[in-house]
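**Student:** Okay, sequence plus prediction incoming.
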Amino acid sequence: MTKTRTLGRSGIEVSALGMGCWAIGGPWSQGDQPLGWGKVDDDESIRTVHRALDQGVTFFDTSSNYGAGHSERVLGKALAGVRDRVVIASKFGYTFDEATKRATGEDASEAYLRSCLDDSLRRIDTDYIDLYQLHLGGLPIPQALDLIGPLEDLVAQGKIRAYGWSTDDPERAAAFAAAGRHCTAIQVDLSLLRDNAAMVEVCEKQIQAGINRGPLAMGLLSGKYQQGLTVGSDDIRGRAPEWLSFFKDGVAVPEWAARVEAVRDVLTSGGRTLAQGALAWLWARSPMMVPIPGCRTVAQAEENAGAMAFGPLSPAEFTEVELLARRS
């Protein structure tokens with residue numbers, strides 16, 4: 001398998017695997033709902049980014065609101081001196097208070113788009129972002145299309161190279177991709193436990209990179225949580241919001257854990273770990289897919305990047321996984 005991909009129709013080359021940077025943002029919240037993945041060690045986070053880069057990962061996805069700006073700051077420190085070797089993606093749309101690390105709402109205005117970008121550039125310590133993504137997945141299509149003009153203007157100014165939308169709705173994705181000359185990516189929640197055939201079709205027909213958030217199903221496909229292991233109360237999975245169906249009260253939901261066990265043997269064939277097999281499924285799903293598993297330790301970065309050496313599942317393996325996963 002080639003270890004690089006072209007980011008949709010942009011011509012921007014990225015590694016076939018990216019690194020999601022939600023977790024390295026550390027704790028933040030909305031009311032009493034944790035939105036992070038628990039405490040982090042910033043030095044370890046920086047070592048993790050460096051190790052991912054050493055292993056061939058060149059694509060790093062963050063967001064202005066991850067850790068209320070902290071993820072972008074840590075990523076900027078980690079990538080100091082190597083900006084020309086990497087592709088950075090970030091997102092806009094959610095408002096927050098950096099001082100209190102609290103999420104405060106949403107803002108889809110042009111004014112916030114521009115100010116949010118300037119703040120992200122400052123935190124990352126760069127003068128451009130390669131891929132800038134609308135983060136409000138449920139925004140009405142007309143409001144999203146109102147942002148196309150300002151985004152194209154930011155491309156012309158050299159502040160961004162391309163843009164996209166993080167949404168799980170194929171109709172929204174198709175409309176945005178069709179309207180925007182420099183729209184080149186759709187970020188979608190996609191894994192072997194949560195497929196989205198209509199979105200894959202949009203990506204393939206409109207030449208959009210399918211950036212896969214949640215490729216390991218919030219960690220369930222790492223294999224660590226099948227034996228009753230719990231996550232902390234400061235972790236979003238410890239008090240899972242309604243959309244997070246894989247965990248309840250910090251424990252893997254048994255029905256989902258059973259599906260993972262049903263496909264474990266196929267995914268781990270040939271020497272892959274379970275996580276590497278789950279990533280291989282995504283590459284077999286479509287050549288447009290670029291999974292961005294999150295990690296916050298060097299060991300996790302090494303395991304995820306190691307999946308590229310194995311490449312996609314074979315057609316026979318992919319078919320077997322589909323049969324087993326949907327039957328269980």
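**Tutor:** That came through, no problem. Residues are numbered from 1 along each chain as shown.

**Student:** which residues in the stretch 101-250 of the chain form strands?
**Tutor:** In the stretch 101-250 of the chain, the strands defined using DSSP state E, counting those that start in this stretch lie at 102-106, 129-134, 160-166, 183-189, 209-213, 247-248.

**Student:** strands paired with the next helix-or-strand element following the last one, and their directions?
**Tutor:** So that's strand 247-248. Beyond strand 247-248 on the C-terminal side, the first helix or strand identified by DSSP states H and E is strand 251-252. Strands that pair with strand 251-252, judged by DSSP bridges, come out as strand 247-248 (antiparallel).

**Student:** Show me what the strand it pairs with is in contact with.
**Tutor:** Residues from elsewhere that reach strand 247-248 (C-beta atoms under 8 Å, 6 or more residues apart in numbering): 218, 220, 225, 231, 237-238, 240, 253. Where C-beta positions appear, they are placed from N, C-alpha and C, glycine not excepted.

**Student:** residues near residue 164, how many?
**Tutor:** Using other C-beta atoms under 10 Å, residue 164 is surrounded by 28 other residues.

**Student:** Isn't it up against residue 134?
**Tutor:** Yes - between residue 164 and residue 134 there is a contact at 7.4 Å, judged by C-beta atoms under 8 Å.

**Student:** Now do the shared contacts for those two.
**Tutor:** Common contact partners of residue 164 and residue 134 (C-beta under 8 Å, 6+ apart): residue 176.

**Student:** Which stretches in the chain count as helices?
**Tutor:** 42-54, 70-78, 110-124, 141-145, 148-157, 170-179, 197-205, 254-267, 274-285, 298-310, 315-327 (DSSP state H).

**Student:** So, low pLDDT: which residues of the stretch 101-250 of the chain?
**Tutor:** For the stretch 101-250 of the chain, applying pLDDT under 70 flags the ranges 227.

**Student:** mind listing what residue 173 touches?
**Tutor:** 165, 167, 186, 188, 199, 202-203, 208.

**Student:** Export the helices of the chain as TSV, with columns for distance to residue 85.
**Tutor:** As requested, the helices of the chain are exported to TSV (distance: least, C-beta to C-beta, whole Å):
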stretch	distance to residue 85
helix 42-54	7
helix 70-78	12
helix 110-124	15
helix 141-145	32
helix 148-157	22
helix 170-179	28
helix 197-205	26
helix 254-267	31
helix 274-285	22
helix 298-310	15
helix 315-327	32
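
**Student:** List just the one of those helices that sits closest to residue 29.
**Tutor:** helix 70-78 (12.8 Å; C-beta to C-beta).

**Student:** so how far is the closest one from its chain's centroid?
**Tutor:** 16 Å (C-alpha atoms, centre = their mean, to the nearest Å).

**Student:** That helix - contacts with which helices or strands?
**Tutor:** helix 42-54, helix 110-124 (3 or more C-beta pairs under 8 Å, 6 or more residues apart in numbering; DSSP states H and E).

**Student:** Dump those to a markdown table, plus distance to residue 195 and mean neighbour count.
**Tutor:** Shown next, in a markdown table, are the helices and strands packed on helix 70-78 (distance: least, C-beta to C-beta, whole Å; neighbours: other C-beta atoms under 10 Å):
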| stretch | distance to residue 195 | mean neighbour count |
| --- | --- | --- |
| helix 42-54 | 26 | 18 |
| helix 110-124 | 31 | 17 |
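
**Student:** Save those helices as JSON lines, and put in distance to residue 65 too.
**Tutor:** What follows is the helices and strands packed on helix 70-78, written out as JSON lines (distance: least, C-beta to C-beta, whole Å):
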{"stretch": "helix 42-54", "distance to residue 65": "17"}
{"stretch": "helix 110-124", "distance to residue 65": "9"}
